[in-house]
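K.L.:
sequence first, predicted coordinates after that:
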Amino acid sequence: MILTRSWFSDHRSQLRHGLIMAAVAGWLIGPAVDAPQAAEPIPSDERARQYFTDEPVVDQDGRSHRFYSDLLAGHTVLIHAFYAQCREACPLQVDRLRLVRTRLGSVFGSTVRFLSLSVDVAHDQPEQLKTFAHRHGADEPGWYFLSGHPVRFSLVLKRLGLWTDDPSDHQTLFIVGRPATKHWKKLRPDASPEEVARALIQLADE
């Protein structure tokens, strides 16, 4: 399937591209204020947990997870925004990610995970997530379609620069990263499956 820019976000989304990495940079840089001299340094993993949060999220099978500790920690991840009623960009994104998943081979699930975060949590409960994932051939181990409590899940989205009050205006970029190395990248939604898979494997090998 040929992807064209018309399928993806318009100029309003283009203006928000930098916000994603600015949001993640908030964790990389850390707070602006100096810590007291006597304070013990906070371990990197704990800083990551505090930033990305351990807000409870629920997947397409109704299983609850702590966002950072259960889904991000110890893995290389690809994160993107979607919603189950989306009829244009989201199906194309998932089709693209299925090709990426094929190219990842055995590292998918064990080392690399996909996290598809709903931007329409008022509608997207596990049943809707499951239907969407199954319809697009993406309901498999290692690929998590996630939603949660509207207020608490919005914090997760905001920390990643993905929150929007209009689901149809959601970001279409792919965020790839490895919390352990603090290395994050953003990739265009029309990046080739080979490019996306290569970026994930490189991150996992660092």
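P.N.:
Everything's here; your move.

K.L.:
so where's the chain shaky on pLDDT?
P.N.:
The chain contains residues with pLDDT under 70 at 1-42.

K.L.:
let me know the next secondary structure element after the lengthiest helix in the chain.
P.N.:
The residue-count maximum for a helix in the chain (DSSP state H) belongs to helix 89-104. Downstream of helix 89-104, the first helix or strand assigned by DSSP states H and E is strand 112-118.

K.L.:
who touches the next helix-or-strand element following that following strand?
P.N.:
Once strand 112-118 ends, the next helix or strand along the chain (criterion: DSSP H and E) is helix 126-135. Helix 126-135 has contacts (Cβ atoms under 8 Å, 6 or more residues apart in numbering) with 58-62, 82, 84, 90, 116, 118, 124, 139, 143, 145-147. Yep, even glycine has a C-beta here, placed from its N, CA and C like the rest.

K.L.:
who touches the longest helix of the chain?
P.N.:
1, 3, 7-9, 78, 80, 82-83, 108, 112, 114, 116, 132, 136-138, 140, 142-143, 170, 172, 174, 189-190, 193-194, 196-197, 200-201.

K.L.:
out of those, which are buried?
P.N.:
Neighbour-count burial (16 or more other Cβ atoms under 10 Å) applied to those gives 3, 7-9, 78, 80, 82-83, 108, 112, 114, 116, 132, 136, 138, 143, 170, 172, 174, 189-190, 193, 196-197, 200-201.
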